[in-house]
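Peer 1: attaching a predicted model along with its sequence, questions to come.
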Amino acid sequence: MNSLKLWSAIGMIVLASSAGDVLLSSAMKRIGDLDELRVRSGILAVIVRIFREQQFLMGLACMAVGFFSLLTALSWGDASLVAPASASLTFMVSAGLAKIFLKENVDRRRWVSALLVCVGVVLLAQ
Amino acid sequence: MNLRKYLVLVLVMLFGGTGDVLLKFGMQQRGAIRFSHLVPDLFGALGNPWVVIGILCLIAFFASYLTALSWADLSYVLPATALGYVLVALLSKYLLHENVSAFRWAGVLLISCGVGWVTRGPALTEPQPQGSQHEGQTLRSPQEQHELA
């Protein structure tokens, strides 16, 4: 029962943070290079510009759900299980979503990297 | 990719890893979240100083993460910043005194390989041919183009 509870929380973290990642990435691509924007119009303008982006706010909401699921899961299990387990799944799910929704060129190099990191993170949980 | 951009990626992994461990440290001091008192327990956790410092670290993580996403693909940034999990393993060992087994060290090695592998590739998907003159085309160094060929 405890382990079912823990893994549901982990599933929640993965879903919420992958969706959040994709939304944030999409928002940031629309805004463009933050460093250049900051040099041109200052840090305040950057913050205002970011918070006016609807996809950013949606991504932020997803991240908040993911974050509170993480807080909950961290109080139920080891950080060295919860953080790696949710992260490893998030890597693969996000790479898939990035390919589908962001049309990113997820080539063999990126799949292999995501897989190496994913397996590595699983080993970290041993 | 220039030195400044690699520095942003380093900040993403440093703040992310430290933030996770501080949160865990704070939540451990506080005790388990009860399902029956989910909301008060979660907000009560905000009273713990380690949780607060952890959250500040995660805010710094978020700012550098957004910066990275503004000039690099999601499927590049995620693996490229995965060394943060290595940091979690190290901090767990020395700060939280959790046991780091041979399996975990193997995991550390695999993650490092994955990070090394992805950061040698292009950071941004090439814009479509009909697209505007986006600077993405200039992001690949001649060396990287050679490796891809």
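Peer 2: Everything's here; your move.

Peer 1: dump the C-alpha coordinates for the lowest-mean-pLDDT helix or strand in chain A into PDB.
Peer 2: Across the helices and strands of chain A, mean pLDDT, DSSP states H and E gives its lowest value to helix A:79-101, namely a mean of 83. Once non-C-alpha atoms are left out, helix A:79-101 reads as follows in PDB (Å, rounded to 0.1, in the frame of the first residue of the first chain):
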ATOM      1  CA  ALA A  79      15.300  11.300  -1.700                       C
ATOM      2  CA  SER A  80      17.700   8.800  -3.400                       C
ATOM      3  CA  LEU A  81      14.600   6.800  -4.700                       C
ATOM      4  CA  VAL A  82      12.000   9.500  -5.300                       C
ATOM      5  CA  ALA A  83      14.200  12.100  -7.100                       C
ATOM      6  CA  PRO A  84      15.900   9.600  -9.400                       C
ATOM      7  CA  ALA A  85      12.800   7.500 -10.200                       C
ATOM      8  CA  SER A  86      10.700  10.500 -11.100                       C
ATOM      9  CA  ALA A  87      13.600  12.100 -13.000                       C
ATOM     10  CA  SER A  88      14.400   9.000 -15.100                       C
ATOM     11  CA  LEU A  89      10.800   8.600 -16.300                       C
ATOM     12  CA  THR A  90      10.600  12.400 -16.900                       C
ATOM     13  CA  PHE A  91      13.600  12.200 -19.200                       C
ATOM     14  CA  MET A  92      12.100   9.700 -21.500                       C
ATOM     15  CA  VAL A  93       8.500  11.200 -21.400                       C
ATOM     16  CA  SER A  94       9.800  14.700 -22.000                       C
ATOM     17  CA  ALA A  95      12.000  13.600 -24.900                       C
ATOM     18  CA  GLY A  96       9.000  12.000 -26.500                       C
ATOM     19  CA  LEU A  97       6.800  15.000 -25.900                       C
ATOM     20  CA  ALA A  98       9.500  17.300 -27.200                       C
ATOM     21  CA  LYS A  99       9.600  15.400 -30.500                       C
ATOM     22  CA  ILE A 100       5.800  15.300 -30.900                       C
ATOM     23  CA  PHE A 101       4.800  18.700 -29.700                       C
END
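
Peer 1: these two touch, right, residue B:58 and residue B:14?
Peer 2: No: judged on C-beta atoms under 8 Å, residue B:58 makes no contact with residue B:14 at a distance of 11.7 Å. Any C-beta I mention is one placed from the backbone N, CA and C, and that applies to glycine too.

Peer 1: comparing these two, which shows the higher neighbour count?
Peer 2: The neighbour count for residue B:58 versus residue B:14, taken as other C-beta atoms under 10 Å in any protein chain shown, is higher for residue B:58 (21 against 18).

Peer 1: per-residue confidence at the more buried one?
Peer 2: Here the pLDDT value assigned to residue B:58 is 89.

Peer 1: same question, the one 4 residues further on
Peer 2: As summarised for this prediction, residue B:62 has a pLDDT of 89.

Peer 1: what's the burial count for residue B:29?
Peer 2: As a burial measure, residue B:29 scores 12 neighbours (other C-beta under 10 Å).

Peer 1: for the closest residue to it other than its chain neighbours, give its distance to chain A.
Peer 2: Spatial nearest neighbour of residue B:29, excluding adjacent residues (C-beta to C-beta, 6 or more residues apart in numbering or on different chains): residue B:48 at 6.1 Å. According to C-beta to the nearest C-beta, to the nearest Å, residue B:48 and chain A sit 11 Å apart.

Peer 1: was I right about residue B:48 contacting residue B:31?
Peer 2: No: if you go by C-beta under 8 Å, residue B:48 and residue B:31 don't touch, sitting 10.3 Å apart.

Peer 1: among those two, which residue is more densely surrounded?
Peer 2: Using other C-beta under 10 Å as the criterion, residue B:48 and residue B:31 rank with residue B:48 on top: 18 against 11.

Peer 1: please point out which parts of the helix of greatest length in chain A sit buried.
Peer 2: Scanning chain A for the longest helix, with DSSP state H as the assignment, gives helix A:2-31. Buried residues in helix A:2-31, counted by 16 or more other C-beta atoms under 10 Å in any protein chain shown: A:6, A:9-10, A:12-29, A:31.

Peer 1: those: which ones sit near chain B?
Peer 2: Of the residues in those, proximity to chain B by C-beta under 8 Å from any C-beta of the partner chain holds for A:21, A:22, A:24, A:25, A:28, A:29, A:31.
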